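sequence? don't have it. structure:
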């Protein structure tokens, strides 16, 4: 009887996990369906650059994130509330207005003749990739921590 319960429990657990993967899906959406915060970010920092496509990443519990592909090749990821998580310029210089000043200043002073091509905002830190391929890590306040290998 104990073996039957273990097998049944394992089957139920497997079914629930598989169900999570089945219901988690990406959905193409219109740029007008993005959260207001995301639309404002794009209008402010990518003025005149059209949205090529927008993807809503859905999980069982709701929207996890949005991925926006701009016609100039750049990609912007937003959280479920529309706050930016990552901006990837695909080797193009990013607009700097949304990047914390301490990060912009450190990159310009320490690595002249380069520019930021990608930035990620994580829970406790920022990661910035420069045009020369270096990856820089900063704390949540924008203070330089290290060069990431």
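Nice, thanks for sending it over. Remember, it's a predicted structure, so these values are computed and weren't measured experimentally.

which regions of the protein sit below the pLDDT cut-off?
Along the chain, the parts satisfying pLDDT under 70 run over 1-24, 61, 149.

Please repeat the previous calculation with a cut-off of 90.
Flagging of the chain using pLDDT under 90 yields the residue ranges 1-26, 58-64, 148-149.

Which residue, neighbours along the chain excluded, lies closest to residue 145?
residue 137 (4.5 Å; Cβ to Cβ, 6 or more residues apart in numbering). Placement of C-beta: from N, CA and C, glycine included.

is it fair to say that neighbour lies in a strand?
Yes - the assignment for residue 137 is a strand, going by DSSP: H, G, I helix; E, B strand; the rest coil.

Adjust the sequence numbering to begin at 303 for everything that follows.
Yes, from this point I'll number from 303; that puts the last item at residue 439.

how near is it to residue 349?
30 Å (Cβ to Cβ, to the nearest Å).

And residue 364, by the same measure?
Taking Cβ to Cβ, one finds residue 364 at 30 Å from residue 349.

got it, and residue 397?
9 Å.

So which of those two has more stuff around it?
Using other Cβ atoms under 10 Å, the more surrounded residue of residue 397 and residue 349 is residue 397, with 16 against 8.

what's near enough to touch the more buried one?
Counting by Cβ atoms under 8 Å, 6 or more residues apart in numbering, residue 397 touches 347, 348.
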